[in-house]
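**Q** Sequence plus predicted model, see below.
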Amino acid sequence: MFGIASARTCFADDVTNALKDIFPADPPQFLARMPHGYHDVDLIRRDLEVAGFSEIKLSRAPSPRHPAIAYCQGTPLRNEIFARDAGKLELATDHAASVIGRKHGEGAVAAKIQGHVVVAAQ
């Protein structure tokens, strides 16, 4: 059995764009590449020759800081931030939270999350 899960979320896009402000010469792109970079349903269907399924739901977080911490400190994006300047992890997280807050509100935040799960077995 083989499975792929991929997603595209507004929060991941917000964090990726926010980090361009902190690292303009070489912005971390982990979230844009993986796991959020492989989200085209038609491409997945062609690649795997299997009809996938997708569902759009709202992702909720108690505050803008929660998705900022999750992405900046809880994914391999942290390694990319460290590679550029380890001392800027908190600055990057704070800035990402600020951008998310401006776009989605300062309280509990919700944004589009789209996921595709494909499982194939022989």
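**A** All right, it came through fine. This structure is a prediction, so every number in the text was calculated from the model and none was measured.

**Q** quick one: the helices in the chain?
**A** 10-22, 30-33, 41-48, 65-74, 77-85, 89-104 (DSSP state H).

**Q** Only C-alpha atoms, please: export stretch 70-77 in PDB.
**A** Extracted in PDB, the C-alpha atoms of stretch 70-77 (Å, rounded to 0.1, in the frame of the first residue of the first chain):
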ATOM      1  CA  ALA A  70       3.400  25.300  14.500                       C
ATOM      2  CA  TYR A  71       5.000  26.200  11.200                       C
ATOM      3  CA  CYS A  72       8.100  28.200  12.300                       C
ATOM      4  CA  GLN A  73       9.100  26.000  15.200                       C
ATOM      5  CA  GLY A  74       7.300  22.600  14.600                       C
ATOM      6  CA  THR A  75       8.200  21.800  11.100                       C
ATOM      7  CA  PRO A  76      11.500  21.500   9.100                       C
ATOM      8  CA  LEU A  77      11.000  25.200   8.300                       C
END
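
**Q** Flag every buried residue along that stretch.
**A** Going by neighbour count (16 or more other CB atoms under 10 Å), the buried part of stretch 70-77 is 70, 71, 72, 75, 77. C-betas here are computed from N, CA, C, even on glycine.

**Q** What is the nearest of those residues to residue 9?
**A** Using CB to CB, residue 71 comes nearest to residue 9 of those, at 9.2 Å.

**Q** what's the burial count for the nearest residue to the closest one once chain neighbours are set aside?
**A** Leaving aside its chain neighbours, residue 71 sits nearest to residue 15 (4.4 Å; criterion: CB to CB, 6 or more residues apart in numbering). Residue 15 has 29 neighbours, counted by other CB atoms under 10 Å.
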